[in-house]
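Q: Okay, sequence plus prediction incoming.
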Amino acid sequence: MNRKKLQKLTDSLTKNSKHFNKFEVKRLISLFYNLVGDVTERQGVVIGLDRNAFRNILHVTFGMTDDMTMDRVFRGFDKDNDGCVSVTEWVCGLSVFLRGTLEEKMKYCFEVFDLNGDGFISKEEMFHMLKNSLLKQPSEEDPDEGVKDLVEITLKKMDRDHDGKLSVADYEQAVREETLLLEAFGPCLPDPKVTVLLLLNSDQNIP
């Protein structure tokens, strides 16, 4: 990427991402192009991180292991649903992922947990996510029973209108009262220390 184009992209993304300064945006663009590899920009060809490359970053850099969660995080970044994360989606997504306000993180986490995208977190969705995030004990005869109990306890605490599922309003009210509930159904946000490391390690030349 030539200097003029890079400058224009950096300025544009700095305006759009509320939580990174110009220097950090430049580093994230650099990291993006190092991750994508040596790709020649051509008209009509989308340059970006596909699902597998993105999942690899979530796993290696952010320590995520759950396939379902990683897929949902990918969808959260891939705003135009074209199957890959562009440089704009990368910087704007990381802005919320790494440094978002509580409001932004609640919106992001809810979208990750709402597996079928219907605007609610159902009992079935809770069951799948909690089952994946809990360690199975060898002594348990029926581990599913324990997960079902946990779903009921979670609903009792978070389902404010008692309709058997969580709406955005239910979720946000519960999280505002107890921020630990932000990731109630599994880890989908990074360790704060990762932010610093990511930016420090991305100081490489842009292809």
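A: Ah, there it is.

Q: neighbours around the closest residue to residue 58 other than its chain neighbours, how many?
A: Leaving out its chain neighbours, the residue that sits closest to residue 58 by Cβ to Cβ, 6 or more residues apart in numbering is residue 64, at 4.3 Å. C-betas here are computed from N, CA, C, even on glycine. As a burial measure, residue 64 scores 19 neighbours (other Cβ atoms under 10 Å).

Q: list the helices and strands whatever helix or strand residue 54 lives in packs on?
A: Assessed by DSSP states H and E, residue 54 sits inside helix 51-60. Other helices and strands packing on helix 51-60, by 3 or more Cβ pairs under 8 Å, 6 or more residues apart in numbering; DSSP states H and E, are helix 22-36, helix 67-77, strand 84-85.

Q: Using TSV, lay out these together with mean pLDDT.
A: Below are those laid out as TSV (pLDDT from 0 to 100):
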stretch	mean pLDDT
helix 22-36	90
helix 67-77	92
strand 84-85	94
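
Q: For residue 164, find the nearest of the ones you listed.
A: helix 67-77 (21.7 Å; Cβ to Cβ).

Q: Which residues does the closest one contact?
A: Helix 67-77 has contacts (Cβ atoms under 8 Å, 6 or more residues apart in numbering) with 51, 54-55, 58-59, 64, 81, 85, 89-90, 93, 97, 108, 111-113, 115, 128-129, 132, 186-188.

Q: so which of the helices and strands packed on helix 51-60 gets nearest residue 120?
A: helix 67-77 (14.8 Å).

Q: List the buried residues for that closest one?
A: Residues of helix 67-77 classed as buried: 69, 70, 71, 72, 73, 74, 76, 77 (neighbour count, 16 or more other Cβ atoms under 10 Å).

Q: Let me know the angle separating it from helix 51-60.
A: Per axes from the mean of the first three to the mean of the last three Cα atoms, to 10 degrees, the angle that helix 67-77 makes with helix 51-60 is 110 degrees.
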